[in-house]
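Novice: What shape does this take:
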Amino acid sequence: MITNYTGVSGSRTAYLIAARLTKQKKDRALIVVSTGRVAARLAEDLVFYLPKAEIIVIPEEEDIQILYEARNRES
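Specialist: Residues are numbered from 1 along each chain as shown. Okay, the predicted model is just below:
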């Protein structure tokens with residue numbers, strides 16, 4: 001399931017994510033955000049709402065070496 005939260009600021013994003021994961025009884029999620037700073041802040045906020053969760057923040061692309069290929073969905 002893909003969910004997009006826009007127009008939400010601060011720890012409200014973490015609250016909405018935690019509420020959805022708890023309601024759906026999900027134990028794993030991939031959350032993509034715009035920057036490493038946003039990821040670190042979101043991880044801190046999620047710990048408050050999901051204290052038993054293991055939260056891993058992957059460094060920004062320029063900090064790690066990952067090769068990927070972007071393709072058009074129509075091809």
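Novice: give me the low-pLDDT residue ranges for this protein?
Specialist: 1, 61-68, 75 (pLDDT under 70).
Novice: where exactly do the strands run in the chain?
Specialist: In the chain, no strands are defined using DSSP state E.
Novice: OK, contacts around the residue most central in space within the chain?
Specialist: Nearest to the geometric centre of the chain sits residue 31, at 2.1 Å (Cα atoms, centre = their mean). Residues counted as contacts of residue 31 (Cβ atoms under 8 Å, 6 or more residues apart in numbering) are 17, 42. For every residue, glycine as well, the C-beta is placed using N, CA and C.
Novice: quick one, phi psi at it?
Specialist: Here the main-chain torsion angles of residue 31 (degrees, to the nearest 10) amount to phi -120, psi 120.
Novice: Just give me the neighbour total for residue 13.
Specialist: 19 (other Cβ atoms under 10 Å).
Novice: ok, so what distance separates the residue nearest to the centre of the chain from residue 13?
Specialist: Computed as Cβ to Cβ, to the nearest Å, the residue 31 to residue 13 distance reads 9 Å.
Novice: quick one: common contacting residues for those two?
Specialist: With Cβ under 8 Å, 6+ apart, residue 31 and residue 13 have common neighbours residue 42.
Novice: what sits up against the longest helix along the chain?
Specialist: The longest helix of the chain (DSSP state H) is helix 36-49. Helix 36-49 is contacted from outside by 10-11, 13-15, 17-19, 31, 33, 53, 55, 57-60, 63, using Cβ under 8 Å, 6+ apart.
Novice: how about 10 Å then?
Specialist: 10-19, 21-22, 29, 31-33, 35, 53, 55-63 (Cβ atoms under 10 Å, 6 or more residues apart in numbering).
Novice: Now do the helices in this structure.
Specialist: 12-23, 36-49.
Novice: Done for today, thanks.
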